[in-house]
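*Asks:* quick one: sequence plus predicted model below, questions after.
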Amino acid sequence: MAAKKPFALRLDEKMMKAVEKWAADEFRSTNGQLEWIIREALKKSGRWPNDLKPNDSDMN
């Protein structure tokens, strides 16, 4: 598992509530949900690093 780098993220309250609900609906932590959203966007845009398989992360 790769080391995780802390990162401060500011979201407006409505967006944060929506992410929290989505995470709860999918039985993920809010952080895990944000990682999943970002990973899926990277894969969809073709920007996921070629040296990483989608399963290389602990949050699938």
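*Replies:* All right, it came through fine. Since the model is a prediction, treat every value here as computed from it, not as a measurement.
*Asks:* quick one: find the helix or strand in this protein with the lowest mean pLDDT.
*Replies:* Every helix and strand in the chain was compared by mean pLDDT, DSSP states H and E; the lowest is helix 30-44, with a mean of 95.
*Asks:* buried residues in it?
*Replies:* Under the neighbour-count criterion of 16 or more other C-beta atoms under 10 Å, helix 30-44 has 32-36, 39 buried. Any C-beta I mention is one placed from the backbone N, CA and C, and that applies to glycine too.
*Asks:* ok, those residues vs residue 7, which is closest?
*Replies:* Closest approach to residue 7 among these (C-beta to C-beta): residue 34, at 9.7 Å.
*Asks:* please enumerate the helices of the chain.
*Replies:* Using DSSP state H, the helices of the chain run over residues 13-25, 30-44.
*Asks:* ok, which of those comes nearest residue 7?
*Replies:* Closest to residue 7 of these, according to C-beta to C-beta: helix 30-44, at 9.7 Å.
*Asks:* and residue 33, how far from residue 50?
*Replies:* Going from residue 33 to residue 50 by C-beta to C-beta, to the nearest Å gives 25 Å.
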